[in-house]
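Colleague: any chance you can model this:
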Amino acid sequence: MEVAQPAGEICENLEPRAHVKAYMKQANLFSKNMVVHCKLFPTTLSVVTLEWYYSLPRNSIESFNALCGRFLAKFADYKPIIVTSTSLHNVIQVEGEDLRQYMTKFVRATLNIPDLHPAVSMHILLVGLCP
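Modeller: Next up, the predicted model:
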């Protein structure tokens, strides 16, 4: 029987408990089998957590609950970085950078900022321009 897999890195910006909770909601749509949950879990991990997962000794996980326990213990102190409009002040046009490059860099930086007011964004964009 072939089982569809959850999308990779579904919760890379969540703290570990929220990641496991979101994973369980999605994984339960595919299967209630805990062996399947163990096999699908790495498909939701980002680079650092995936490296940790692959560093676990072979056959060292006896259940999905054990895997979750080890995951939560290892990453218990992880807190996602909250990006605010203040961080945009670090995005400035450097000498030799054309306007298109600066605009691309600035727009990419704004994508991770929730509820960014357009007037604030415009002000910081103009402040960051080279004279």
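Colleague: and the longest helix for this protein?
Modeller: Counting residues, the longest helix found in the chain (DSSP state H) is helix 16-30.
Colleague: helices or strands up against the next helix or strand after that helix?
Modeller: Next along the chain after helix 16-30, taking DSSP states H and E as the criterion, comes helix 34-40. Helix 34-40 is packed against helix 16-30, helix 64-74, with contacts defined by 3 or more Cβ pairs under 8 Å, 6 or more residues apart in numbering; DSSP states H and E. Quick note: C-beta positions are derived from backbone N, CA and C, even for glycine.
Colleague: out of those, which comes closest to Ala109?
Modeller: Nearest of the helices and strands packed on helix 34-40 to Ala109, taken as Cβ to Cβ: helix 16-30 at 24.4 Å.
Colleague: how far does that closest one sit from the chain's center?
Modeller: 14 Å (Cα atoms, centre = their mean, to the nearest Å).
Colleague: residue numbering should commence at 752 henceforth.
Modeller: Renumbered: residue one is now 752, and that last one reads helix 767-781.
Colleague: that older thread, what's the least confident stretch among the helices and strands packed on helix 785-791?
Modeller: Among these, helix 767-781 carries the lowest mean pLDDT, at a mean of 88.
Colleague: tell me the angle of that one relative to helix 815-825?
Modeller: Interaxial angle of helix 767-781 relative to helix 815-825 (axes from the mean of the first three to the mean of the last three Cα atoms, to 10 degrees): 160 degrees.
Colleague: helices or strands up against helix 767-781?
Modeller: Using 3+ Cβ pairs under 8 Å, 6+ apart, helix 767-781 sits against helix 785-791, helix 815-825.
Colleague: how about the longest helix of the chain: buried residues?
Modeller: Neighbour-count burial for helix 767-781 flags Pro767, His770, Val771, Tyr774, Ala778 (criterion: 16 or more other Cβ atoms under 10 Å).
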